[in-house]
Structure formats: structure tokens, C-alpha cells
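Peer 1: build me a model from this:
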Amino acid sequence: MENDINFEIYLFISPKKIAICVYQKSDFKEIFKKEVVVDNFLDDSEFRTLISFLDENIIKIEKLLKQFIENINLIIDHKDFSKVQISIKKNNYENLIDSESVIYLVNQALDQCKKTFENDKLVHILIDNYVIDENNFTSLPKNLKCNIFSLDLSFISLSKKLILNLEEILKKHQISLKQIVSADYV
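Peer 2: Residues are numbered from 1 along each chain as shown. Next up is the predicted model:
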């Protein structure tokens, strides 16, 4: 068997449903889909339902694909995502705004929020708004000089404990988490 280089596998977990979907990378054609309705799954601290679901479906998928699944994308619909919003400002001295300036501000904001994320894993960084010389923009304008610009950011995180539990379950099938995404941002 080969590895999962030609396919993307998505595992969706919510309090009411668990689903797994396999798509061919070349045309995003659905190859396999299985879902089960559950009752308050994410309150089940032992994750028995997920373990059973994966035991039942991982081997089926690997046989169908004639490939091992090495990585999986995890989409979670969970109330325990945390959202931290922050605004950060920079004097730009009539210079052009570029992506390096934006990255610098995002990193500054991350540094300021490090303690907030001690027990969480950062899943999403969203730029909600650009404020350039007191004008609001939803995207970064090109070739614009300014004196002052700021970013309104949202950091979305999830409990490291929950993620470690999910990683341990997947490890039993020799699968790693490729990416974790909040269902609210898919």
C-alpha cells in the first residue's frame, strides 16, 4: 500500500454528529463518506463513540483506496473554542504598507497574548479589519502609504487537552493530525 498522497481525508466532529469524508485531490471528488448521529459526543470524556466509529471506517477506507491513511484534517464544531480579539497599532511614517508590516503586527499581538494561550492551541488567526490613517478596510490595499495603521485581529484557540485526546485516538490507527479547523470558519 502507498500513502495518502492523492487524497484528502476530513473528520468532522460535533456534539451531534461524527463524519468522515475522503476526497480525491485532483478534482475534489468524493470517494467515501460515512456519518453517524450522536448525542452530546464531545461531553463523552472517553470518546468511545469516536473510537468505535474510526475502528469501523479507517480499515474500510484504506482497503477502498489501497493506501494507508497517514494524515487527517479535523473539523470541529465545539463550544469550547476560545476567541481573543485584539487591536494593535504601528507608526508607519508615510511608508508603503506591505505584508511584512502586517506579519510584524500579527507577531506582536501573538507575543502579547502568549499567556492567554498557555493551555490552548491556536487554530486560526483572522484579520478582521485594517485601519489605515483612520480609514477601515476589509482587505489590505495595495501600494498605499500611511502614517499609522492598525489591525483588528481574532485569535481562535482550542484546549490542548482536547486536542491531545483526539491525537491519541488517531495514533491508534497510525494517523496524524494534519490540520485542525473550527467548523465556524470552514
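Peer 1: select the longest helix from this protein.
Peer 2: In the chain, taking DSSP state H as the definition, the longest helix is helix 48-65.
Peer 1: output that one as CSV, nothing but the C-alphas.
Peer 2: The C-alpha coordinates for helix 48-65 follow below in CSV (Å, rounded to 0.1, in the frame of the first residue of the first chain):
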residue,chain,number,x,y,z
ARG,A,48,-15.9,5.7,23.0
THR,A,49,-18.1,6.8,20.1
LEU,A,50,-15.3,8.2,18.1
ILE,A,51,-13.0,5.2,18.7
SER,A,52,-15.7,2.8,17.6
PHE,A,53,-16.5,5.0,14.5
LEU,A,54,-12.8,5.1,13.5
ASP,A,55,-12.3,1.4,14.1
GLU,A,56,-15.2,0.7,11.8
ASN,A,57,-14.3,3.1,9.0
ILE,A,58,-10.5,3.5,8.8
ILE,A,59,-9.9,0.0,7.5
LYS,A,60,-12.7,0.3,5.0
ILE,A,61,-11.2,3.5,3.7
GLU,A,62,-7.7,2.1,3.4
LYS,A,63,-9.0,-1.0,1.6
LEU,A,64,-11.0,1.2,-0.8
LEU,A,65,-8.1,3.5,-1.5
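Peer 1: quick one: the next helix or strand after it to chain centroid distance?
Peer 2: Next in sequence after helix 48-65, counting helices and strands by DSSP states H and E, comes strand 71-76. On the basis of CA atoms, centre = their mean, to the nearest Å, strand 71-76 is displaced by 8 Å from the centre of the chain it belongs to.
Peer 1: what are the buried residues along whichever helix or strand comes after strand 71-76?
Peer 2: Using DSSP H and E, the helix or strand that follows strand 71-76 in sequence is strand 82-96. For strand 82-96, burial by neighbour count (16 or more other CB atoms under 10 Å) applies to 84, 86, 88, 90, 92. Backbone N, C-alpha and C define where each C-beta goes, glycine included.
Peer 1: do stretch 162-181 as well
Peer 2: Result for stretch 162-181 [16+ other CB under 10 Å]: buried residues 162-163, 166, 169-170, 173, 175, 180-181.
Peer 1: out of the residues you listed, which one sits closest to Asp27?
Peer 2: Nearest to Asp27 out of the buried residues of stretch 162-181 is Val181 (CB to CB; 21.4 Å).
Peer 1: now the closest residue to the closest one other than its chain neighbours: how far from Leu110?
Peer 2: Nearest non-adjacent residue to Val181, counting by CB to CB, 6 or more residues apart in numbering: Ile75, 5.1 Å away. Distance of Ile75 to Leu110, given as CB to CB, to the nearest Å: 24 Å.
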